[in-house]
Structures are given as structure tokens and as C-alpha cells.
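J.: Turn this into a structure:
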Amino acid sequence: MMDIPRHLPLSERDGDIIIGEGVDFERIRRITGYLVGTTDRFNNAKRAEERDRVKHASMKS
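T.: A predicted model of the protein is given here:
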């Protein structure tokens with residue numbers, strides 16, 4: 001069996017071990033070369049860059 005860090009929540013479903021289920025995480029984006037979680041502290045230029053950015057989506061069948 002693999003070595004699982006003790007600080008991660010574990011659960012079992014249908015014989016599979018589920019690691020980290022229920023752990024909240026914050027969205028992280030790369031904007032103007034910086035990794036950010038929120039745009040709260042952005043000036044108007046950076047907010048406009050994020051708003052005007054082309055959104056890419058992949059469609060898998």
C-alpha cells in the first residue's frame with residue numbers, strides 16, 4: 001500500500017481509498033505573470049486584462 005500523509009482526510013468508497021475529499025481549496029489563477037487567488041487588490045488595468053482575456057474551453061466527448 002502507498003504511504004499516505006496523515007494530515008489528509010481519508011475515506012473509502014466501493015473499495016477505493018479517496019484522499020482529500022471534502023478539503024476546501026481556493027482558485028488560483030495566473031494573471032500578468034503572478035499567481036493570485038483573488039483580484040481584490042488589482043488596479044483597473046489588471047482587472048480589465050483579466051476581464052478581456054480570451055477564455056479557452058475544451059469539449060471532450
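J.: Is the residue minimising distance to the centre of the chain in a helix, a strand, or coil?
T.: By CA atoms, centre = their mean, the chain has its centre lying nearest to residue 27, at 4.1 Å. With DSSP: H, G, I helix; E, B strand; the rest coil as the basis, residue 27 sits in coil.
J.: nearest residue to it other than its sequence neighbours?
T.: residue 37 (6.7 Å; CB to CB, 6 or more residues apart in numbering). For glycine as for every other residue, the C-beta is placed from the backbone atoms N, C-alpha and C.
J.: Any figure for the gap between that neighbour and residue 12?
T.: Residue 37 sits 31 Å away from residue 12, going by CB to CB, to the nearest Å.
J.: now swap in residue 38 and tell me
T.: 35 Å.
J.: Also residue 55?
T.: 37 Å.
J.: higher neighbour count, those two?
T.: Neighbours were counted for residue 55 and for residue 12 using other CB atoms under 10 Å; residue 12 has more, 8 against 4.
J.: For residue 30, name its beta-bridge partners.
T.: Taking DSSP bridges as the rule, residue 30 bridges to residue 35.
J.: for the chain, what spans make up the strands?
T.: Per DSSP state E, the chain carries strands over the ranges 10-13, 16-19, 29-31, 34-36.
J.: now those strands in a markdown table, with mean pLDDT and distance to residue 47?
T.: Shown next, in a markdown table, are the strands of the chain (pLDDT from 0 to 100; distance: least, CB to CB, whole Å):
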| stretch | mean pLDDT | distance to residue 47 |
| --- | --- | --- |
| strand 10-13 | 76 | 40 |
| strand 16-19 | 78 | 36 |
| strand 29-31 | 75 | 9 |
| strand 34-36 | 80 | 12 |
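J.: Adding distance to residue 44, write those strands out as JSON lines.
T.: Output for the strands of the chain, formatted as JSON lines (distance: least, CB to CB, whole Å):
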{"stretch": "strand 10-13", "distance to residue 44": "45"}
{"stretch": "strand 16-19", "distance to residue 44": "42"}
{"stretch": "strand 29-31", "distance to residue 44": "14"}
{"stretch": "strand 34-36", "distance to residue 44": "16"}
